[in-house]
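Enquirer: Could you look at this predicted model? Sequence included:
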Amino acid sequence: MEIDDLTPAETEVWRAFARGTYVDFRTAPDDDPGDGAGWGPERTVRADVLRALLLGGAREDGEVPSLSLAGARVTGNLDLEYACVDHPVRLRHCHFEAAPRFYGARLRELNLSESVLPGLISHAVRVDGVLRMTRARFHGTVRLSGAEIAGSLYLESVRIEAPDTEGPVLQLNQAVLGADLWAPGLRTHGSVRLSGASVTGTVNLKDAVLEAPDTTVLDAQNLTVGSSVTATCLQARGTVDFRGARVPGTLELAHVRLSRPGDTALRATSCAVGELWLFGGGRIEGALRLRRARIDSLSLDPSMVPDAVYLNDLTYTALVPHHPAELRLPMLERDGDGYVPYSYEQLTAAYRRVGDDDGARRVQLAKLRRHRRTLPWYGRLWGLLQDVAVGYGFRPLRAGAWLLSLLAAGSLAYGLDHPPALKPDEAPEFSPVFYTLDLLLPIVSFGQETAFAPEGWYQSLSYVLIVMGWILASTVIAGVTRSVSRQ
């Protein structure tokens with residue numbers, strides 16, 4: 001392209017490129033590039049001119065060429081597929097008529113901050129520095145699948161709306177970032193795909209608002225992060241999926257609003273996380289799935305737990321903050337997998353680690369009661385007897401209360417009407433207390449039961465006391481044996 005073919009605006013950009021100077025066509029600092037379709041020729045630059053500059057523009061001795069342009073309307077298609085661009089590309093506050101194409105390109109640096117674009121096609125792009133799109137607005141899909149960015153990707157306050165697009169509106173699957181994914185305040189009407197991406201540093205989605213109510217709004221399956229994922233105050237309508245993710249630091253979901261009623265709101269199955277924070281937000285609307293996850297420290301607010309949870313094979317070392325077992329147990333009761341013994345054992349271990357033995361006993365008692373509901377009728381009956389008598393061994397004082405009650409009843413009854421002696425000349429002096437103890441205690445004998453024979457309803461009472469004694473002894477032995485074995 002000859003320089004004589006250029007418009008005055010393009011000539012200014014052409015000359016500035018060789019010197020690496022900045023060209024700003026804005027008439028005011030608050031110019032809205034959303035109105036760029038109406039900008040005149042004085043601030044219009046053809047995409048072909050920019051392409052010619054980046055691929056073979058002139059340069060001046062002693063200067064570093066760069067394309068630094070602001071406030072321009074870029075017409076035509078900026079097509080740099082498979083190109084190698086050695087110069088920084090900074091197109092800020094610009095209005096693009098067509099989606100730029102950087103498919104398979106290699107760039108030194110790319111900055112599209114505050115610009116308005118109908119989309120971006122940059123599959124497999126390689127950026128040796130950083131890629132900035134801070135506060136950019138897209139009206140179509142942003143495609144960065146398989147991108148390799150040596151530095152950080154900046155998406156602060158980016159807005160992406162692609163109403164006529166099927167599939168994710170922000171595609172970062174299989175992308176490799178050498179530093180951070182920085183996207184606080186990101187707004188999307190459509191899903192975000194991070195599946196298989198690798199981020200050496202931190203993923204920041206603080207204050208992001210993601211909307212895709214009928215599908216997965218954040219697909220971060222098999223995401224690998226070198227540090228942490230910060231998503232404080234995230235608002236997500238649709239499924240948030242961290243299945244298989246690897247986050248050695250913190251997966252921070254504090255003060256979030258997650259909603260997908262009738263389906264899964266949060267899935268973090270088969271993932272490995274240093275710390276998972278789920279507190280301070282509203283109750284999750286939809287199912288919570290944490291199957292097979294491995295978490296060092298789980299910070300879970302009971303008030304956020306939804307009606308449907310799936311916790312089979314979830315492993316955690318610490319459960320914080322410390323709450324009474326009564327607040328944690330309903331979560332296990334609502335497990336969609338039914339009775340999962342492993343979940344109760346994990347919760348028991350968490351209470352024992354912090355020295356709350358009473359909480360651990362309550363969880364074990366709840367486990368046995370839940371297990372009882374899975375047994376046939378005779379197993380449920382025997383379990384109920386153990387529960388009522390001694391609380392499955394975790395309430396040993398209850399056995400003493402039963403014993404004292406039966407002892408008092410028997411002593412009173414036999415004290416009012418002494419049973420006759422079988423051999424009056426050889427019988428010891430009758431004692432209603434020890435006679436009742438003889439009936440109640442199957443092994444111990446005080447010589448009273450064999451010396452006296454009650455009659456009438458007193459004989460029926462003796463049978464009841466004998467049976468109750470055997471039941472009480474059996475449940476005590478079974479409960480204590482179970483309790484000791486758990487120690």
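Expert: Nice, I can see it. Numbering: from 1, shown residues only.
Enquirer: Can you list the residue ranges for strands in the stretch 201-350 of the chain?
Expert: 203-204, 209-219, 224-225, 229-230, 235-241, 246-252, 257-267, 272-278, 285-289, 294-300, 309-310, 315-320 (DSSP state E, counting those that start in this stretch).
Enquirer: give the contact list for the nearest residue to Pro100 once chain neighbours are set aside.
Expert: Leaving aside its sequence neighbours, Pro100 sits nearest to Leu78 (Cβ to Cβ, 6 or more residues apart in numbering; 4.3 Å). For the C-beta atoms, the positions are set from N, CA and C on the backbone; glycine is no exception. By Cβ atoms under 8 Å, 6 or more residues apart in numbering, the residues touching Leu78 are 47, 50-51, 96, 98, 100-101.
Enquirer: which of those sit farthest apart?
Expert: Farthest apart among these by Cβ to Cβ are Arg51 and Phe96. That separation is 13.2 Å.
Enquirer: So between these two, which is more surrounded?
Expert: Set side by side, Arg51 and Phe96 show more neighbours around Phe96, with 27 against 20, by other Cβ atoms under 10 Å.
Enquirer: so what's that one closest to, chain neighbours aside?
Expert: Distances taken as Cβ to Cβ, 6+ apart put Leu117 closest to Phe96, at 4.4 Å, once the chain neighbours are dropped.
Enquirer: what does Asp241 give?
Expert: Arg267 (4.7 Å).
Enquirer: how about low-confidence regions in this structure?
Expert: Counting by pLDDT under 70, the ranges of the chain that qualify are 1-4, 385, 388-400, 473-487.
Enquirer: Which among the strands of the stretch 201-350 of the chain is found nearest to Asp30?
Expert: Set against Asp30 and scored by Cβ to Cβ, those come closest in strand 209-219, at 23.5 Å.
Enquirer: if we can go back for a sec, so what's the residue count around the residue nearest to Asp241?
Expert: Residues lying near Arg267 (other Cβ under 10 Å) number 24.
Enquirer: Name whatever forms a beta bridge with it.
Expert: Asp241, Arg289 (DSSP bridges).
Enquirer: That one against Arg243, yeah?
Expert: Yes - contact criterion Cβ atoms under 8 Å: Arg267 and Arg243 qualify, at 5.4 Å.
Enquirer: residue contacts, the residue nearest to Ala427 when sequence neighbours are not counted?
Expert: The shortest distance from Ala427 to any non-neighbouring residue, by Cβ to Cβ, 6+ apart, is to Ala421 (3.6 Å). Contacts for Ala421 (Cβ under 8 Å, 6+ apart) come out as 427, 430, 451-453.
Enquirer: tally of neighbours for Val464?
Expert: Number of residues near Val464 (other Cβ under 10 Å) recorded here: 13.
Enquirer: For it, pull up the helix or strand it's in.
Expert: Assessed by DSSP states H and E, Val464 sits inside helix 457-486.
Enquirer: one step back: Asp32: which of the strands of the stretch 201-350 of the chain is closest?
Expert: Per Cβ to Cβ, nearest to Asp32 of the strands of the stretch 201-350 of the chain: strand 209-219, 21.0 Å.
Enquirer: Specify the angle between that closest one and strand 257-267 in degrees.
Expert: 0 degrees (axes from the mean of the first three to the mean of the last three Cα atoms, to 10 degrees).
Enquirer: CA atoms only for strand 209-219 - export them in PDB, please.
Expert: Extracted C-alpha coordinates of strand 209-219, given in PDB (Å, rounded to 0.1, in the frame of the first residue of the first chain):
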ATOM      1  CA  VAL A 209     -21.600 -11.600  37.100                       C
ATOM      2  CA  LEU A 210     -22.100 -14.600  34.900                       C
ATOM      3  CA  GLU A 211     -25.400 -15.500  33.400                       C
ATOM      4  CA  ALA A 212     -26.400 -18.700  31.500                       C
ATOM      5  CA  PRO A 213     -29.400 -20.000  33.500                       C
ATOM      6  CA  ASP A 214     -30.000 -23.100  31.400                       C
ATOM      7  CA  THR A 215     -26.500 -24.500  31.100                       C
ATOM      8  CA  THR A 216     -23.000 -24.400  32.600                       C
ATOM      9  CA  VAL A 217     -22.100 -20.800  33.200                       C
ATOM     10  CA  LEU A 218     -18.500 -21.400  34.300                       C
ATOM     11  CA  ASP A 219     -16.900 -24.500  32.900                       C
END
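Enquirer: so what strands line up beside it?
Expert: Strand 209-219 is paired, per DSSP bridges, with strand 187-189 (parallel), strand 192-193 (parallel), strand 235-241 (parallel).
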